[in-house]
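Asks: sequence unknown, structure follows:
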């Protein structure tokens, strides 16, 4: 396992295609909010390029495991390529559209949800069944609709306490003799802890 990076592998280090990738700053916050420890069992739903899966696998270590669920064929290849690049043997790839692919999973310490394909509620239902008490679900929401669906679900549930933050990252680029901001899409991060 590569020990070169802590949390926050530079974006340029990942093998990328046309599949969306969670950017470095959002990965840092997501992994920090997930509180992944050595030996943890983690699920990454809508794993994309595997950037979060790889970060989580480094935190979970050799005694832990990350299950990466992705529906996109190109994404499956990218997850495998990135896990191999970083020397990660603890990333198990599941080619499915969640909640399919979640039936045979063990009890989980953390669930990362970056893509739900309009199946957020059944994914949260199944994740809640698998999640240990004290475990965490971290959702990265790009749209207000997904955010509200998540918040409504959590409000109606008695299983979780949660917090929400909005993150707006601006990267500065050199344009001639000037430095100009280039805004990235704002992301809502919902961190949920299972309390019973």
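Replies: Good, I have the coordinates. None of these values were measured; they are calculated from a predicted model.

Asks: In three-state terms, label the residue nearest the centre of the chain for me.
Replies: The chain has residue 112 as the residue nearest its centroid, 3.9 Å off, counting by CA atoms, centre = their mean. Following DSSP: H, G, I helix; E, B strand; the rest coil, residue 112 is assigned to strand.

Asks: what bridges to it?
Replies: Counting by DSSP bridges, residue 112 forms beta bridges with residue 44, residue 138.

Asks: before we move on, what about residue 92?
Replies: Beta-bridge partners for residue 92, by DSSP bridges, are residue 67.

Asks: so it touches residue 66, yeah?
Replies: Yes: with contacts defined as CB atoms under 8 Å, residue 92 counts as touching residue 66 at a distance of 7.0 Å. All C-beta atoms are positioned from the backbone trio N, CA, C, and that covers glycine.

Asks: if you count what's nearby, which of those two comes out ahead?
Replies: residue 66 (30 against 16; other CB atoms under 10 Å).

Asks: In contact with that one, which residues are there?
Replies: 42-44, 53, 56-57, 60, 90-92 (CB atoms under 8 Å, 6 or more residues apart in numbering).

Asks: and the two most separated of the residues you listed?
Replies: 43 and 90 (12.9 Å; CB to CB).

Asks: Which of the two has more residues huddled nearby?
Replies: Taking other CB under 10 Å, residue 43 and residue 90 do not tie; residue 43 has more neighbours (31 against 20).

Asks: how much space between that one and residue 150?
Replies: Look at residue 43 and residue 150: by CB to CB, to the nearest Å, they are 16 Å apart.

Asks: got any ranges where this structure has weak pLDDT?
Replies: Filtered on pLDDT under 70, the chain yields the residue ranges 1-4.

Asks: mind listing the strands for it?
Replies: Assigned by DSSP state E, the chain shows strands spanning 41-45, 65-70, 91-95, 108-113, 131-141, 160-167, 170-175, 178-183, 187-194.

Asks: How about the second one, which residues are buried there?
Replies: Along strand 65-70, the positions that meet the burial threshold by neighbour count (16 or more other CB atoms under 10 Å) are 65-70.
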